[in-house]
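[1] A predicted structure for the sequence below; I have some questions about it.
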Number of protein chains: 2
Amino acid sequence: MDNFILHERLKNDTIEVIDLKLCRVLLMNDSHFPWLILVPMRPGATEVHELSKEDRSILIEEACAASRAISSAFSSDKINIGALGNLVPQLHVHVVGRTRTDRAWPGPVWGSGPAVPYTTAQLEQTLTSLRSALSKEFA
Amino acid sequence: MDNFILHERLKNDTIEVIDLKLCRVLLMNDSHFPWLILVPMRPGATEVHELSKEDRSILIEEACAASRAISSAFSSDKINIGALGNLVPQLHVHVVGRTRTDRAWPGPVWGSGPAVPYTTAQLEQTLTSLRSALSKEFA
C-alpha cells in the first residue's frame, strides 16, 4: 500500500502475521493472550469513522475473521474487540481472545501489566496456527 | 424487536437515548465521559461475529454515527470503541468520547473507577445534545 508506514510502537510490540485486503494483521508479542492487532493500510486514519463506508465494512469483516481465527486456534471464552488509540494515533483494532483464567479477567487487557514475550518455539506455533486459521477464513 | 430484553446490568447503569435500525442506544450514567452503549436488538447474540454480515455492516455504521455524534456534541480528542462483554454477556458496543484531561486518560475507561451519575440538569442537557446529533446522522 503506497505511503503506508506502520507506527514505530506497533512495529516494536508485534510480529507481522499476514496482510488482508484492508488490514495488516499483527500479533502482539505478549504470551498472556492471543492478541491480534489489525491496522487498516490507510495513511493518516486515526478513527474508524474516518474510513470510507466500504473500508468500514471490510474492517468489521476482517475483525470478525480474526475473532473466528482466534476462537478456532485457541480455547477462548470471549473475544474482546477494541479501537482505542489513546497512545498510538495510527488507527488500529485490537482483537483479543480472553479466558476466565487469564491474568486480566474480567478486566480489559489494556494496562493489565507488562507483556511477556513469546519464546521462539511458542511464537512459531502461534503464528502457524493463526495464519492457518486466518487463511481458512478467506479461502 | 420481538423477544429482545435488555440485560439487567445495562438497564441499571444507563439511560435510553434512542432506538436505531439495529441497536438500542444507551447513555452510561457516568458524568465523567460522554459514553454511549449500542446494543444490537438480536436476542442471544454475544459476539460481533455471531451477527449476520448485513447486521455487522449496520453495526459499524451505527457505531460510527455514535462516534460522530459524540465528537460533534462534545469536545472529544479521541473516540474509543470497544466490544468486551466479559461481565455482561449480551452483545454491546461501547463508544466513548475521550479527552486528554479525563480521569482515565490515556488508559481505558473500563475499570477506571466508580461512576458519578449525572445530575438531572446535566442529564437533560446531555440527552438533548446526543439525540439531536444522532438524529442529524440519520436525517
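    Okay, I see it.

[2] Could I get the CA-only coordinates of stretch A:105-115 as CSV?
    Written as CSV, here are the backbone C-alpha positions of stretch A:105-115 (Å, rounded to 0.1, in the frame of the first residue of the first chain):
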residue,chain,number,x,y,z
TRP,A,105,-10.1,-11.3,33.5
PRO,A,106,-12.7,-9.8,33.8
GLY,A,107,-10.9,-6.5,33.2
PRO,A,108,-9.6,-5.2,29.9
VAL,A,109,-6.2,-6.3,28.7
TRP,A,110,-5.0,-2.7,28.1
GLY,A,111,-3.0,-1.6,31.1
SER,A,112,-3.1,-5.0,32.7
GLY,A,113,0.6,-5.3,33.2
PRO,A,114,3.9,-5.9,31.3
ALA,A,115,3.9,-8.1,28.3
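
[3] now that stretch, how far from the centre of its chain.
    Here stretch A:105-115 shows a centroid-to-chain-centroid distance of 15 Å under the convention Cα atoms, centre = their mean, to the nearest Å.

[4] next one: stretch A:58-65
    Taking Cα atoms, centre = their mean, one finds stretch A:58-65 lying 11 Å from the centre of the chain it belongs to.

[5] Give the rounded mean pLDDT of it.
    Confidence over stretch A:58-65 (mean pLDDT, whole number) is 98.

[6] That one and chain B, are they touching?
    Yes: counting by Cβ under 8 Å from any Cβ of the partner chain, contacts between stretch A:58-65 and chain B involve A:59, A:60, A:61, A:63, A:64. Any C-beta I mention is one placed from the backbone N, CA and C, and that applies to glycine too.

[7] Now, of these, which are buried?
    The neighbour-count test (16 or more other Cβ atoms under 10 Å in any protein chain shown) marks A:59, A:60, A:61, A:63, A:64 as buried among those.

[8] so can I have JSON lines of those residues showing distance to residue A:71 and secondary structure?
    Compiled in JSON lines, these are given as follows (distance: Cβ to Cβ, whole Å; DSSP: H, G, I helix; E, B strand; the rest coil):
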{"residue": "A:59", "distance to residue A:71": "19", "secondary structure": "helix"}
{"residue": "A:60", "distance to residue A:71": "16", "secondary structure": "helix"}
{"residue": "A:61", "distance to residue A:71": "15", "secondary structure": "helix"}
{"residue": "A:63", "distance to residue A:71": "13", "secondary structure": "helix"}
{"residue": "A:64", "distance to residue A:71": "10", "secondary structure": "helix"}
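
[9] Get me the contact residues on chain A for chain B.
    For chain A, the residues found near chain B under the criterion Cβ under 8 Å from any Cβ are A:46-49, A:53, A:56-57, A:59-61, A:63-64, A:67-68, A:78-87, A:98, A:105-108, A:110-111.

[10] Report pLDDT for residue A:77.
    In this prediction, residue A:77 has a pLDDT value of 97.

[11] For it, grab phi and psi.
    In terms of degrees, to the nearest 10, the main-chain angles of residue A:77 are phi -90, psi -20.

[12] Do I have it right that it meets residue A:106?
    No: the pair residue A:77 / residue A:106 is not scored as a contact, 10.1 Å apart, by Cβ atoms under 8 Å.

[13] where do the contact lists of the two overlap?
    Common contact partners of residue A:77 and residue A:106 (Cβ atoms under 8 Å, 6 or more residues apart in numbering or on different chains): residue A:100.

[14] Can you go through the residues of chain A next to chain B and name the buried ones?
    Neighbour-count burial (16+ other Cβ under 10 Å) is assigned, among the residues of chain A next to chain B, to A:47-49, A:56-57, A:59-61, A:63-64, A:67-68, A:78-86, A:98, A:105, A:107-108, A:110.
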